[in-house]
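>>> need coordinates for the following:
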Amino acid sequence: MTIESAIATIRPGAHWTLRGGIYAGLEWQDAMQTKPTEEEVASAMLLPEPVIVPQEVPMWALKEVCVSRNHTAQIDTALAGLPEPPRVKAMLRWEYKDTISRGSSMIALMQTRLDWSNAYVDELFVAADTLAKS
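Residues are numbered from 1 along each chain as shown. Sure, this is the predicted structure:
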């Protein structure tokens, strides 16, 4: 973890400036939170970088991740099992949308019908975002 992300992790939302990329260059500007000690920052830097779940990814990337994890048949079955007209609407969205958001009704539907946990869907979104940026 970088010094910047370490400070942001241990003092979320705090206001500060870092000069020179070292603790000695930390100028604390937050009256609501105390300045972290050098030891606190050093300890936090040993932690892995926090994983940020994107709130929206390109649909092609999410589909490619789902294909690589052998979810295609499950998704097709889940969509085909819906009653009319929601089935057609869901299939059109799955097929033709450019992007998909983490909080979309389509993702909620997949979670329910395929029994995917929030953590697993977050993992799919992180993987799709990584793929889209590569």
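>>> which other helices and strands does the lengthiest helix in the chain contact?
The residue-count maximum for a helix in the chain (DSSP state H) belongs to helix 118-133. Applying 3 or more C-beta pairs under 8 Å, 6 or more residues apart in numbering; DSSP states H and E, one finds that helix 118-133 makes contact with strand 56-58, helix 59-68, helix 105-114. Quick note: C-beta positions are derived from backbone N, CA and C, even for glycine.
>>> please repeat the previous calculation with a cut-off of 10 Å.
strand 56-58, helix 59-68, strand 99-101, helix 105-114 (3 or more C-beta pairs under 10 Å, 6 or more residues apart in numbering; DSSP states H and E).
>>> got the angle for that helix vs helix 59-68?
120 degrees (axes from the mean of the first three to the mean of the last three C-alpha atoms, to 10 degrees).
>>> list the buried ones in helix 118-133?
121-129, 131-132 (16 or more other C-beta atoms under 10 Å).
>>> check what pLDDT the residue positioned nearest the centre of the chain gets.
Geometric centre of the chain, nearest residue: residue 53, 0.8 Å, by C-alpha atoms, centre = their mean. Per-residue confidence (pLDDT) for residue 53: 96.
>>> before we move on, what about residue 35?
So, for residue 35, pLDDT stands at 97.
>>> check the one 10 residues further on too.
Predicted confidence (pLDDT) at residue 45: the value is 94.
>>> tally of neighbours for it?
17 (other C-beta atoms under 10 Å).
>>> distance check, it against residue 12.
Using C-beta to C-beta, to the nearest Å, residue 45 is found at 16 Å from residue 12.
>>> now render the helices and strands packed on helix 118-133 as TSV, adding mean neighbour count, distance to residue 22 and mean pLDDT.
Listed next are those as TSV, based on neighbours: other C-beta atoms under 10 Å; distance: least, C-beta to C-beta, whole Å; pLDDT from 0 to 100:
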stretch	mean neighbour count	distance to residue 22	mean pLDDT
strand 56-58	18	36	98
helix 59-68	17	37	98
strand 99-101	16	39	97
helix 105-114	15	42	93
